[in-house]
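Enquirer: Need coordinates for the below:
(chains A and B)
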Amino acid sequence: MSKQEMALSSAVAKQHNAEKEPKGRSLWADGWRRLRKNRLAMLGLFIIVFMTVLAIFAPYIAPYDPIEQLIWTKGRAAKLAAPNKEHWFGTDLYGRDILSRVIYGTRISLTIAVAASVVSLVIGVTLGAVAGYYGGKVDDFISWLTNVIYAFPFLLFVLSIVAFRPASLALVYIAIGFVSWPSIARVVRGQVLSIKETEFVEAARAVGASDFEIIFRHILPNVIAPVIVQVTLGMGSMIMTEASLTFLGFGTQPPTPSWGYMINQGREYLLSGQWWWSVFPGIAISLTVLGFNLLGDGLRDALDPRLNK
Amino acid sequence: MGAAPLLEVKELVKHFPIYKGWLVSKQIGSVKAVDGISFTINRGETLGLVGESGCGKSTTGRLILRLIEATSGEVWFEGQNVLNLSRDEMRELRKDMQIIFQDPYASLNPRMTVGDIIGEPLRIHGIATGREKEKRVRELLEVVGLSSYHARRYPHEFSGGQRQRIGVARALAVNPKLIICDEPVSALDVSIQAQVINLLQDLQEEYGLTYLFIAHDLSVVKHISDRVAVMYLGKIVELTDKDSLYENPLHPYTKALLSAIPIPDPTLVRERTLLEGDVPSPINPPSGCRFHTRCPVAEEICRHEEPAFVDVGGGHYVACHLVHNK
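Expert: So this is what the prediction gives:
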């Protein structure tokens, strides 16, 4: 290639570059790429998306009204019917279609997961960030509080909150959220502690950035990834807690279709052969919790900052 | 030297307290990271600051910028004592003083694009916004030897040397007068070190910058500095212009450091001063001259009396009894 040709081709390449201006790949995009390759995580994501779709479109998907007692319209055959063509998951003692109730049950479980997570996020991120950033006595106090709540018997604590007031759904969100914030606060505090000592935070300070700018532009964006992992894993256990509470009679009140309540009612019939009343909601809980755990584990691998160097 | 120096540091001290106890904590001692150092930097010059790790050289850089608050002392920059400035005055001053960090991996926020990183000082000080900011960022990238389209990329897409250039661009964004270079090349490959050093020199010439160049490598400092200060355990032991330091070192510690520089000639045999032992703890520094525990020529007086840091002629400062008494 002659010199002229070379100059020409490099000029063309330059022009090409200027037009294309390749955009950078953010760490989020990188993480998503890694997550997509993780089959188990994608299965988890699929389960969660599937359950969410069921919850949102329940009235269009469910074949029957979840509260309607078919016994009145269809006769005694609709009472405690085993799974059949018309009722895939069978019916319960009151002649309600279990498939429809399981589908409607996603609403309660997912709402609990989201609402209680919001409560625990607000408390956990605020306290964790304050403790990590300001340190000293403030940190001592918050860390002490975190440990106290962490050490408290979880279910007993929620039970005692719920027992004081008439059971309501809002109370269940708040109670579950209130006992789950310590794990988030711990993660946030640890991350803030290490990130505030990094040179890029020092650089921001050297440039004249305020505390507010440092926290919101430099520290928190770097804390989000581990928090997402924590929240996703936490959602599974929140769904379990709601089901346990309802099973014990302190959570969602009948006749609202809730998985925990269905398992509770069906348990007496398990041994006498009418297994479908408890087993199908049980499978639904396991599947949803599995989905959140698989996705959470996958996110942890995908967003691990140590892989980004 | 007719003109007033750009920066004058007087008796700067930083003691980090050590606390013990829970709920009721008690100060049980302090790490004497910087223990009364004084020096000046003239406009347009480069002062090298060398010493072993842990001697307080990086702390000194951060004290000048008030990234760490000093225990006592004065830092005069263009007629004002930096340590007495209010928050707002300090913010204003940050346009004149900047810093380049050692670790090119830790000094750039991984969640921000390079354009946002370099543009941040412009945004904070309201120097440029919108299109103008973008244009300035692209200019800065080209000034440090990168391409303007790099602005849209993220730090993890660059090599160590390139990242360090990004750090330089961020420091340059506010048009500073003084840049504190905190071991800017120690984390880089040797082949890249030279490139970054040359870039710093070119920029100094072009923009009339003044550098405080912190390093533990005497050969790098020799290349870039006009004058060199040698630090040991929180004190400056020798300070003079580059040539007399390398040709005629007076302090035994400086001599030992210089003899440790490898010479790329295997046939050359020279006398080497090997230092024995480790650097003593800065929590409990030795009495008298701090170097006496490792000094090959220490005498009785060195154990008891701290040597003064005085000019022994021609701006060659040294703190050593043996030199003073000669």
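Enquirer: Let me see the contact set for the residue in chain B that chain A sits nearest to.
Expert: Ranking the residues of chain B by distance to chain A (C-beta to the nearest C-beta) places B:Arg153 first, at 3.3 Å. From N, CA and C alone the C-beta is placed, and that goes for glycine too. Listed by C-beta atoms under 8 Å, 6 or more residues apart in numbering or on different chains, the contact set of B:Arg153 reads A:22-25, B:113-114.
Enquirer: The residue in the stretch 51-200 of chain A positioned nearest to chain B: neighbouring residues, count only.
Expert: Closest residue of the stretch 51-200 of chain A to chain B, C-beta to the nearest C-beta: A:Glu199 (3.9 Å). Residues contacting A:Glu199 under the criterion other C-beta atoms under 10 Å in any protein chain shown number 21.
Enquirer: Isn't it up against B:Ile99?
Expert: No: using C-beta atoms under 8 Å, A:Glu199 makes no contact with B:Ile99, being 9.1 Å away.
Enquirer: Can you report how many residues neighbour the nearest residue to B:Ala256 once chain neighbours are set aside?
Expert: Leaving aside its sequence neighbours, B:Ala256 sits nearest to B:Thr273 (C-beta to C-beta, 6 or more residues apart in numbering or on different chains; 4.3 Å). Look at B:Thr273: counted by other C-beta under 10 Å, it has 15 neighbours.
Enquirer: Provide a list of residues in contact with B:Thr273.
Expert: With C-beta under 8 Å, 6+ apart, B:Thr273 has these contacts: B:252, B:255-256, B:259, B:296.
Enquirer: Pull out the buried residues from the residues you listed.
Expert: B:252, B:255-256 (16 or more other C-beta atoms under 10 Å in any protein chain shown).
Enquirer: Grab the longest helix from the chain for me.
Expert: No chain specified, so I'll use chain A. Scanning chain A for the longest helix, with DSSP state H as the assignment, gives helix A:98-134.
Enquirer: wrong one, chain B
Expert: With DSSP H as the criterion, chain B gives helix B:190-207 as its longest helix.
Enquirer: In the stretch 201-309 of chain A, where is pLDDT below threshold?
Expert: A:304-309 (pLDDT under 70).
Enquirer: is it true that B:Leu49 lies in a helix?
Expert: No: counting by DSSP: H, G, I helix; E, B strand; the rest coil, B:Leu49 falls outside a helix, being strand.
Enquirer: what's the spacing between it and A:Gly44?
Expert: Going from B:Leu49 to A:Gly44 by C-beta to C-beta, to the nearest Å gives 54 Å.
Enquirer: Looking at the two, which is more packed in?
Expert: More crowded of B:Leu49 and A:Gly44, by other C-beta under 10 Å: B:Leu49, with 31 against 24.
Enquirer: I figured the more buried one hits B:Asp217, correct?
Expert: No: using C-beta under 8 Å, B:Leu49 is not in contact with B:Asp217, being 11.9 Å away.
Enquirer: mind listing what whatever residue of the stretch 1-150 of chain A ends up closest to chain B touches?
Expert: When scored by C-beta to the nearest C-beta, the stretch 1-150 of chain A has A:Gly24 as its residue closest to chain B, at 3.3 Å. With contact set as C-beta under 8 Å, 6+ apart, A:Gly24 has these partners: B:113-114, B:152-154, B:157.
Enquirer: and those, which of them are in helices?
Expert: Using DSSP H, these in helices are B:Val114.
Enquirer: ok, how many other residues are close to residue 105?
Expert: In the absence of a named chain, chain A is used. With other C-beta under 10 Å as criterion, A:Gly105 counts 30.
Enquirer: that answer is for a different chain, and I need it for chain B
Expert: 19.
Enquirer: Now do the helices in the stretch 201-309 of chain A.
Expert: A:211-213, A:224-247, A:259-270, A:276-303 (DSSP state H, counting those that start in this stretch).
Enquirer: Please spell out which residues along the shortest one are buried.
Expert: Using 16+ other C-beta under 10 Å as the burial criterion, the residues of helix A:211-213 that qualify are A:Glu213.
Enquirer: and if you look at stretch B:88-107?
Expert: Across stretch B:88-107, burial judged by 16+ other C-beta under 10 Å covers B:90-91, B:93-95, B:97-107.
Enquirer: Going by distance to A:Ser210, which of those residues wins?
Expert: Taking C-beta to C-beta as the measure, B:Arg91 is the one of these closest to A:Ser210, at 8.4 Å.
Enquirer: give the contact list for the closest one.
Expert: Contact partners of B:Arg91, counting by C-beta under 8 Å, 6+ apart, are A:Gly208.
Enquirer: ok, now A:Gln274?
Expert: A:80, A:82, A:90, A:266.
Enquirer: can we see that at 6 Å?
Expert: A:Leu80 (C-beta atoms under 6 Å, 6 or more residues apart in numbering or on different chains).
Enquirer: follow-up on the earlier one: of the contacts of A:Gly24, just say which sits nearest to A:Trp275.
Expert: B:Tyr154 (54.0 Å).
Enquirer: can you map out the helices along chain B?
Expert: Under DSSP H, chain B gives helices at B:57-64, B:87-93, B:114-124, B:130-143, B:160-172, B:190-207, B:218-224, B:242-247, B:252-259, B:300-304, B:321-324.
Enquirer: Dump those to TSV, plus mean pLDDT.
Expert: As requested, the helices of chain B are exported to TSV (pLDDT from 0 to 100):
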stretch	mean pLDDT
helix B:57-64	92
helix B:87-93	90
helix B:114-124	92
helix B:130-143	91
helix B:160-172	93
helix B:190-207	91
helix B:218-224	87
helix B:242-247	89
helix B:252-259	88
helix B:300-304	88
helix B:321-324	85
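Enquirer: out of these, nearest to A:Ser183?
Expert: Among the helices of chain B, helix B:114-124 sits nearest to A:Ser183 (C-beta to C-beta), with 31.5 Å.
Enquirer: Who are the packing partners of that closest one?
Expert: Here helix B:114-124 touches helix B:130-143, helix B:160-172, going by 3 or more C-beta pairs under 6 Å, 6 or more residues apart in numbering or on different chains; DSSP states H and E.
Enquirer: Leaving out the residues flanking it, which one is nearest to residue 161?
Expert: Picked chain A for this. In this structure, A:Ile161 finds its nearest non-sequential neighbour in A:Ala175, 4.4 Å apart by C-beta to C-beta, 6+ apart.
Enquirer: Please refer instead to chain B.
Expert: B:Ile192 (3.8 Å).
Enquirer: and the one you found, how many residues sit next to it?
Expert: B:Ile192 has 18 nearby residues by other C-beta under 10 Å.
Enquirer: any idea how far it lies from B:Pro104?
Expert: B:Ile192 is 10 Å from B:Pro104, by C-beta to C-beta.
Enquirer: Show the model's pLDDT score for the residue of the stretch 51-200 of chain A closest to chain B.
Expert: Looking at A:Glu199, its pLDDT stands at 90.
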